[in-house]
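Student: All I have is the shape, not the residue letters:
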Ligand SMILES: Cc1cc2nc3c(=O)[nH]c(=O)nc-3n(C[C@H](O)[C@H](O)[C@H](O)COP(=O)(O)OP(=O)(O)OC[C@H]3O[C@@H](n4cnc5c(N)ncnc54)[C@H](O)[C@@H]3O)c2cc1C
Ligand SMILES: Cc1cc2nc3c(=O)[nH]c(=O)nc-3n(C[C@H](O)[C@H](O)[C@H](O)COP(=O)(O)OP(=O)(O)OC[C@H]3O[C@@H](n4cnc5c(N)ncnc54)[C@H](O)[C@@H]3O)c2cc1C
């Protein structure tokens, strides 16, 4: 470089010596000079194409022009030549790399020029059209939204909207064609997802009527029930509820107390709540429904066959309560006040034998019980399994709420200015603060990740055979918990990121927060679900989670894992270069490593407890926290996997670039 | 042991050989036998004093009795002798250590027999009486609480309560005696804390009227203002608001846009909002107040003297808006709907010169500005400093909300049963699940920690001289952020821990959650406060946060810390025995180590950026996330320290034991 400078004939000796001095590390310009240069660069920078190969030349010229203001113009052409020669000699990296030195302090990524609609199409895939159609419908003035504080008024509004949607065929989408539907659970889930952008009370009411109540008839009932109810309920003409939870039993529904005793003489089932705690609670649609799918212990010929669903009429056509039915309003809730949740008690209510939803267990004309699944506990969990799609929908709903909040917060973050350098320039856009980016951006990336995971789970669920279904159920349980927790945490962060504005109802975050909150609890409490996931992982080696089998599984596991454990120990440890850090294979291994390590340590811990002769239940209890950690690690691995899958399925282009960045941030 | 058995003359040869076999590790009893023993122990266990030295003997006897049911009674005395001998020989640790083997699976701590009232006295210290009195008042039927959804109705209720409190002298507690108070800021804070157990809207309205509005007059005004306003406002006869925040400026109040231009000819100040964004926003009491403390850029003789507070009348005695004042309701909010927050614009409103709160800056009769603090920015931060007590109160309020939620969740957790072992016994109390304990107990411990930290900060603030005040301000900022974040997180966890019940308004958690949420934002946004803390730490070495000083501080720091850094590297690393883990000195070192390590790495990172000639502002931006981490570590160290202090100040007794357990859990 020194040589090069000496060669430059255009420069005077004085200029040369100054330049030589500048590039001598022992003799760098002082702070003040640097400061002045920086200011000049800051001023000149924005006008220059930083990726151009000639950027340095341009920058030099701009600075020269600037410093010449009010003085004689220097010989710009000569200067350009010098700079050009220096540039050719130096071959500096693109100036954009140095942006922080002179642009505004935003460290922007080079902007990717993508088409939002194309991106939306990639994200929505086959669902694009359905979603667009519904989004359009929701912009109709009929769906104008404002804050309604009174629960009765809000519930009436939601009921009207529900019927509008049903009239357009949205409610029946998941039902077979014969009953006005399209037999398409994916479209049904799309609707759920889009409604959740609009109003979560409507979404939940919709889910209760068509997904839970309708779903129970579709999946637990047989042709008789389909013929009798599906068409009407799909149209919203017959409102119903899904009455599973009781005051005394929420997560542990296997031990519900409501009894349904078959009376063979009169061919009726006697449905009864044996006490206050046995009353159904939180039941959505309880104040509007004419009929309920009631989950109760079915007793036939004196024998308890476990929990079954039975259709019990609640009200007559005029809306009057039928004899033996008592219903109370659950009152105001944190959110979802557009949904009429209530308590229901039955006082020896008699319904015909046919009202048993009898796909998995039937009472014969002769008054005997028959089922293709002999084990009552297994039978019940098979019934519950048919409702897995609902769990995916709930997760999608929560995710939609999180997406809304993120959209609001990111948009606000890009407009809001607060504080800034003390140099008289504008205050900074808050999104330019690294702390603000760290609060929102990783969550944005996770939203994509969760989205892909849910889409894919639903597709796999649709297509699954008997063998894969167990695994999918486990994954759905985990991803539901993951997504709903993520949603709550994200909405909270978005609220804070919007400052006081986030607290005003007019800006929607309050409703999103209050409404989405309970998604962590209903359709399976998250903490309980995470234990299910861990048990699923542990017991996927054995058919049944019984003593011997369970212990055997642990032993097997511990052996298995200790083998692969050592070989997995990531050789990467100290690699921290960018290529490595964004390498999907590295991510997969790291996530796997964590999950296996937890599985291994859990396995060996359990084994040593068994050696100490603890009962399996005690072992389970003492491992509970460890199990939950394992489940979390596993779910993140699943989500990572889905993100990678999705990426590899997208063809190259700007949209893929954006998603790849999101992916890297997520991982 | 084998010898001992052989010595026992009371036993037959057969019995001896069985015993010998049992204690031979190669030949342990099989699973089934163990299982049977366990069942017997489970049955016998609960009747026995597990800490008695004779517990093993008792247990053996109980088991013998049990297994003899329906058969001839064995010779219990002989058995007792044998067991006694074995026990003497074995000297086993107290049986309570093995509780998990036979009691119900709860791993209870030995119960500490403490007196809740004594504990309360220790916790409340000098504040006990004040708090008790107020708690009693709040149980009066006049303070009956129920969910009010309509904001106008709710606001009216809150206003009535506010006046009741004022009439009892609670509002004026912090004011001097001459104005009806007790000059006792600690008592004022106690009231704030207790009110927050009752209703957060009332608490905030109370804080706005007496703490913010009243506080601005007390601390920023002079005798003229005290005489004119304090008595009336303390009685609740004169309602006022604290109008600092603007739509455009929340965290960065130094750059407010409202202007107050002094007109020397007419001796009036012209208060004006130059645009929509310059309107005051979120102002509590805006719809009830007759007067406002308005923060505006004070311009005297054409020179901007920075932000000052000026009293501006808003309404006449009949409640009619005065000319030039525009006020809008902020509408429904996530919570605190009993507080009337609104927007206020001023259209060249003229107020007399005397309305300037002139303790720190005055306009003379001659129309000139004078102040004892020449630097306008420093002057403004001195004014803000007088409001530090409010920040402590806000943290206390959020903490009260968290305590309520914890109380609800822990009580529910001790009553609610769900799931359990498959052996026909009762379902388990959910509090007995390790996962449930982990969700709630550490948070309970943290609530104590935060409580002590706040108490102590307030006391130190009361007593502080000029030198300590900076440090206290920094610590208050940090502990406020820490506590309010903790509160939000805790209330959320409590909601989930109560399942569906936590979602019903009748169970209060919804209100706690919605109301407390904004405590993370008002009286200083938490993220912004945490940066203040970090800056405070960095710049406590230099008077001013200017370029040279700042850089010097960094260099100094880096040197300082690198010295002590190595010597700090905890030698404990691998020690994990219980005594060590509960050792306060170890905690202090660990917390200090983390904080210093962060400080060190931050310092050296900043230094290397300075070397690269980044401007101080750029360095600050790039270190932002690091700074926030440092601040968090520092605050936890402060909180730990306060907990240790508190503990060492309590005399021995059961209450200290409880608090020590909490302390250990916290650390
Ligand atoms: C707004 C709303 C709408 C609803 N709609 C319906 C509906 O339409 N139909 C219907 O049938 N139900 C409905 N539900 C009920 C919902 O499904 C239940 O609330 C949910 O299943 C949880 O049950 P729970 O509330 O009894 O909580 P519990 O099961 O009592 O759980 C309480 C707490 O204990 C913890 N816990 C429980 N067991 C364990 C364990 N083994 N280990 C560790 N921790 C444990 C949980 O994590 C939870 O934090 C609704 C609820 C709400 C709030
Ligand atoms: C219910 C309620 C009551 C209130 N009562 C009053 C009252 O009586 N009187 C009154 O004067 N005010 C009142 N306020 C206003 C309150 O003090 C402000 O909301 C608060 O100071 C935050 O300001 P902001 O809302 O403008 O948020 P902003 O300052 O705009 O902050 C928005 C987001 O940007 C982030 N951010 C800002 N600056 C930075 C930075 N430098 N680095 C990184 N991140 C940054 C913040 O963390 C935040 O997440 C009230 C507000 C509410 C909601």
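Tutor: Everything's here; your move. These numbers were taken from a predicted model, which means no experiment stands behind them. Ligands and ions are numbered 1, 2, ... in the order given.
Student: what sits against the residue nearest to residue A:500 when sequence neighbours are not counted?
Tutor: Once flanking residues are discounted, residue A:500 sits nearest to residue B:282: 4.9 Å by Cβ to Cβ, 6 or more residues apart in numbering or on different chains. (Glycine included, C-beta is placed from N, CA and C.) Counting by Cβ atoms under 8 Å, 6 or more residues apart in numbering or on different chains, residue B:282 makes contact with A:500, B:245, B:330, B:341, B:343, B:522.
Student: Quickly find the element holding residue B:282.
Tutor: Secondary structure from DSSP states H and E places residue B:282 in strand B:280-284.
Student: by contact count, what packs against whichever helix or strand comes after that strand?
Tutor: Using DSSP H and E, the helix or strand that follows strand B:280-284 towards the C-terminus is strand B:291-300. Judged by 3 or more Cβ pairs under 8 Å, 6 or more residues apart in numbering or on different chains; DSSP states H and E, strand B:291-300 is in contact with helix B:214-220, strand B:240-243, strand B:259-263, strand B:268-272, strand B:280-284, strand B:303-313.
Student: Tabulate those (CSV), appending distance to ligand 1.
Tutor: Converted to CSV, the helices and strands packed on strand B:291-300 look like this (distance: least, Cβ to the nearest ligand atom, whole Å):
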stretch, distance to ligand 1
helix B:214-220, 41
strand B:240-243, 37
strand B:259-263, 50
strand B:268-272, 48
strand B:280-284, 30
strand B:303-313, 46
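Student: wait, doesn't residue A:177 sit right on residue A:183?
Tutor: Yes: applying Cβ atoms under 8 Å, one finds residue A:177 in contact with residue A:183, separated by 6.0 Å.
Student: Show me which of the two is the more surrounded one.
Tutor: Using other Cβ atoms under 10 Å in any protein chain shown as the criterion, residue A:177 and residue A:183 rank with residue A:183 on top: 15 against 10.
Student: Which SSE is immediately downstream of whatever helix or strand residue A:6 lives in?
Tutor: Assigned by DSSP H and E, residue A:6 belongs to helix A:2-7. Using DSSP H and E, the next helix or strand after helix A:2-7 towards the C-terminus is helix A:13-22.
Student: Residues contacting stretch A:125-144, please?
Tutor: Against stretch A:125-144 from outside (Cβ under 8 Å, 6+ apart): A:120-121, A:124, A:161, A:164, A:168, A:170, A:186-187, A:190-191, A:193-195, A:197-198, A:455.
Student: How far off centre is it?
Tutor: In terms of Cα atoms, centre = their mean, to the nearest Å, the centre of stretch A:125-144 is set 21 Å apart from its chain centre.
Student: end-to-end on that stretch?
Tutor: Distance across stretch A:125-144, first residue to last, is 28 Å (Cα to Cα, to the nearest Å).
Student: model confidence over the lengthiest helix in chain A, on average?
Tutor: Determined from DSSP state H, the single longest helix within chain A is helix A:466-497. Per-region confidence: helix A:466-497 scores 95 on mean pLDDT.
Student: Mind giving me the packing neighbours of it?
Tutor: Looks like helix A:466-497 contacts helix A:388-415, helix A:434-463, helix A:509-516, helix A:526-539, helix A:624-649, helix B:466-497 (3+ Cβ pairs under 8 Å, 6+ apart).
Student: which parts of that helix are buried?
Tutor: A:472-497 (16 or more other Cβ atoms under 10 Å in any protein chain shown).
Student: Compute the number of surrounding residues for the closest residue to residue A:634 other than its chain neighbours.
Tutor: Excluding the flanking residues, the one nearest residue A:634 by Cβ to Cβ, 6+ apart is residue A:595, at 5.2 Å. Neighbourhood size, residue A:595 [other Cβ under 10 Å]: 21.
Student: Next, the angle from the strand or helix carrying residue A:595 to helix A:624-649.
Tutor: Assessed by DSSP H and E, residue A:595 sits inside helix A:584-611. Per axes from the mean of the first three to the mean of the last three Cα atoms, to 10 degrees, the angle that helix A:584-611 makes with helix A:624-649 is 160 degrees.
Student: packing partners for the next helix or strand after helix A:584-611?
Tutor: Next in sequence after helix A:584-611, counting helices and strands by DSSP H and E, comes helix A:616-622. Where contact means 3+ Cβ pairs under 8 Å, 6+ apart, helix A:616-622 is packed against helix A:547-568, helix A:584-611.
Student: mean confidence for the longest one?
Tutor: In other words, helix A:584-611. Helix A:584-611 shows an average pLDDT of 87 in the prediction.
Student: now do the first one
Tutor: Averaging pLDDT along helix A:547-568 gives 56.
Student: And the next helix or strand past it?
Tutor: Using DSSP H and E, the first helix or strand after helix A:547-568 is helix A:578-581.
Student: which strands and helices sit next to that following helix?
Tutor: Contacting helix A:578-581 under the criterion 3+ Cβ pairs under 8 Å, 6+ apart is no other helix or strand.
Student: what's near enough to touch the nearest residue to residue A:226 once chain neighbours are set aside?
Tutor: Among residues not flanking residue A:226 along the chain, residue A:179 sits closest, at 6.3 Å (Cβ to Cβ, 6+ apart). The neighbours of residue A:179, taking Cβ under 8 Å, 6+ apart as the test, are A:172, A:226, A:230-231, A:234.
Student: now swap in residue A:185 and tell me
Tutor: Counting by Cβ under 8 Å, 6+ apart, residue A:185 has contacts A:174, A:389, A:458, A:461-462.
Student: can you put those in TSV and add neighbour count, distance to residue B:273 and pLDDT?
Tutor: Formatted as TSV, these follow (neighbours: other Cβ atoms under 10 Å in any protein chain shown; distance: Cβ to Cβ, whole Å; pLDDT from 0 to 100):
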residue	neighbour count	distance to residue B:273	pLDDT
A:174	25	55	96
A:389	22	55	92
A:458	23	53	95
A:461	21	57	94
A:462	13	59	91
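Student: Greatest separation within those residues: which pair is it?
Tutor: A:174 and A:461 (12.4 Å; Cβ to Cβ).
Student: which residues do these two both contact?
Tutor: Shared contacts of residue A:174 and residue A:461 (Cβ under 8 Å, 6+ apart): A:185, A:389.
Student: Kindly calculate the angle that the longest helix of chain A makes with helix A:624-649.
Tutor: 90 degrees.
Student: And for the helix holding residue A:6, what's in contact with it?
Tutor: Contacts of helix A:2-7 (Cβ under 8 Å, 6+ apart): A:11, A:16, A:19-20, A:23, A:85-86, A:89.
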